[in-house]
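**Q** Quick one, what's the 3D model for this:
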Amino acid sequence: MKPGNCQFENQMKNTIILHLDVNSYFATMEQQANPQLRGRPIGVAGKGPGERTVIAGASMEAKKFGLYSGISTWEAKRLCPSLIIVPANYDRYIFTSRRIFAALERFSPTVDIFSIDEAWLDLTYLNDRGGWAEAIKLAEEMKLLIRHQIGEWVTCSIGISYGKILAKLASEMVKPDGLTVIRPEDFPKIALITPVEDICGIGHRLTPRLNQLGIRTVAELGRASPIQLITVFGQYRGQWLNRIGNGQDDGLVHSWRGLSQEKSVGHSYTVPKDLTAEEDVWRILLWLSERVGARLRLRGLLGRTVSVYLRFDDRTGWGQRLTEPEYLNDGGAIFHSGKRLLERLAESKPVRLIAITVSDLVRQTELTRPLLPERQRLDRLIKAVDQVNHRYGQLVIFPAQLAPIKSRLFNLPDGRSGRHYAPTN
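**A** Numbering: from 1, shown residues only. The predicted structure is shown next:
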């Protein structure tokens with residue numbers, strides 16, 4: 001660690017951050033719910049046995065055979081013929097995750113959720129009560145509380161350090177049921193033996209580029225020229241790599257309670273002329289679905305319940321809702337759910353208003369990342385479209401089905417406000 005940054009050295013002395021990671025979360029939840037699965041290699045999959053899918057989570061017993069998230073079920077069975085495939089129960093995982101995070105708030109008011117099974121806690125207040133020793137004591141109490149409240153089969157690995165990245169690194173060092181501490185004076189020794197890819201934020205794309213520069217350990221990253229790192233990786237990334245390589249972990253913990261959480265996200269539209277053609281209703285529904293999806297993604301949310309409401313020319317209304325098995329925030333998927341609802345409409349009358357809403361919301365951090373390659377490609381495509389539309393305006397890139405009405409969308413009046421541009425609510 002390079003000396004000379006007095007401000008950061010003071011921060012290191014005064015900051016205590018804990019990272020908690022529930023071991024093999026999905027698989028452990030299934031083993032906790034079904035004692036017959038305990039001690040046996042299981043793989044949690046998105047679909048049931050016999051269906052084409054991938055492993056979303058593997059038990060500690062299965063990981064010994066080389067199983068990992070994202071591997072196909074047939075490859076998993078090849079590596080571990082005794083593997084038991086269990087369909088995922090995401091409602092159980094989300095419900096239990098919320099219980100765990102609520103329990104963690106007994107130890108700190110500042111709980112920063114990283115994913116469905118990981119969180120940071122700010123324990124800096126312990127400096128007045130024993131510091132690092134008291135933090136270790138609290139970590140042991142957390143382990144006991146989780147086993148008592150969630151289940152005796154549930155274990156977690158905990159890391160304690162003076163920054164978020166190093167606390168997470170510490171939690172990864174001993175699994176399962178580990179407890180590791182990285183104090184400021186411990187960093188130089190840890191850096192010598194830690195590969196750069198073990199640092200959260202240095203992924204599979206960054207690692208080969210660092211390796212090409214002769215940088216394979218965190219210690220080597222700290223000794224690298226800051227100018228070289230900035231030249232190769234850019235100002236922001238290069239400076240961050242230089243700081244973390246020298247143990248300067250300045251990430252702040254933010255309480256998830258400070259983040260607003262909507263109950264639902266929806267759009268409605270009153271058309272200037274009643275719609276009689278089914279295709280026109282579908283096109284407006286698609287446009288509204290795309291807007292809802294964009295808002296969900298902007299807020300980092302997904303939903304599972306889709307509701308559609310129509311108001312007719314005679315002032316009567318009709319509404320239906322359905323709950324999908326999986327969470328979604330893709331406008332196309334929202335539209336297809338809405339279209340299925342419209343197919344339930346028994347009578348056809350001129351439509352005056354169309355509305356679609358997504359509810360039963362969760363944060364993206366509460367769900368595992370998509371594992372199927374085609375879903376990952378779709379997510380990258382949607383992200384790229386969002387970036388273009390956010391920069392240049394709505395519907396710069398849009399579904400082809402909207403082409404017949406695209407030129408009119410920005411001139412259609414909003415029936416509630418009289419504004420002459422596409423409504424945002």
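**Q** Pull up the per-residue confidence for the residue lying closest to Ile202 once chain neighbours are set aside.
**A** Nearest residue to Ile202, sequence neighbours excluded (C-beta to C-beta, 6 or more residues apart in numbering): Val196, at 5.2 Å. From N, CA and C alone the C-beta is placed, and that goes for glycine too. The confidence metric pLDDT takes the value 97 at Val196.
**Q** Could you double-check that Val196 sits in contact with Ala219?
**A** No - Val196 lies out of contact with Ala219 (C-beta atoms under 8 Å); the separation is 9.7 Å.
**Q** got the contact list for the residue nearest to Ile202?
**A** By C-beta atoms under 8 Å, 6 or more residues apart in numbering, Val196 lies in contact with Ile202, Leu206, Thr207, Leu210, Asn211, Ile215, Arg216, Thr217, Val218, Glu220, Leu221.
**Q** how about 6 Å then?
**A** Shown in contact with Val196 (C-beta atoms under 6 Å, 6 or more residues apart in numbering): Ile202, Leu210, Leu221.
**Q** mind listing the strands for the stretch 51-200 of the chain?
**A** Assigned by DSSP state E, counting those that start in this stretch, the strands in the stretch 51-200 of the chain fall at 55-58, 84-87, 111-115, 118-122, 156-161, 179-182.
**Q** Can you name the residues in contact with the first one?
**A** Read it as strand 55-58. By C-beta under 6 Å, 6+ apart, the surrounding residues in contact with strand 55-58 are Phe26, Ala27, Gly43, Val44, Ala45, Gly46, Leu67, Ile71, Ala76, Ala88, Thr368.
**Q** where are the low-confidence patches of the stretch 51-200 of the chain?
**A** 51-53 (pLDDT under 70).
**Q** residue ranges for the helices of it, please.
**A** 60-63, 73-79, 90-104, 132-149, 164-173, 187-193 (DSSP state H, counting those that start in this stretch).
**Q** Those helices into TSV, with extra columns for distance to Arg315 and mean neighbour count?
**A** Output for the helices of the stretch 51-200 of the chain, formatted as TSV (distance: least, C-beta to C-beta, whole Å; neighbours: other C-beta atoms under 10 Å):
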stretch	distance to Arg315	mean neighbour count
helix 60-63	59	21
helix 73-79	53	15
helix 90-104	39	17
helix 132-149	52	16
helix 164-173	55	23
helix 187-193	69	16
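**Q** For Val292, find the nearest of those.
**A** Comparing these against Val292 with C-beta to C-beta, the closest turns out to be helix 90-104 (21.0 Å).
**Q** Which strands and helices lie in contact with the closest one?
**A** helix 25-33 (3 or more C-beta pairs under 6 Å, 6 or more residues apart in numbering; DSSP states H and E).
**Q** Mean confidence (pLDDT) on the helix it packs on, please.
**A** 96.
**Q** list the buried ones in stretch 248-255?
**A** Residues Gln248, Asp249, Asp250, Gly251, Val253 are the ones in stretch 248-255 that count as buried (16 or more other C-beta atoms under 10 Å).
**Q** list the contacts for the most centrally placed residue in the chain?
**A** Using C-alpha atoms, centre = their mean, the residue of the chain that lies closest to the mean C-alpha position is Thr365, 2.7 Å off. By C-beta under 6 Å, 6+ apart, Thr365 lies in contact with Ile113, Ser115.
**Q** Secondary structure element holding Gln320?
**A** If you go by DSSP states H and E, Gln320 is part of strand 317-328.
**Q** partner strands of that strand, parallel or antiparallel?
**A** When pairing is defined by DSSP bridges, strand 317-328 lines up against strand 301-312 (antiparallel).
**Q** Cool, thanks, signing off.
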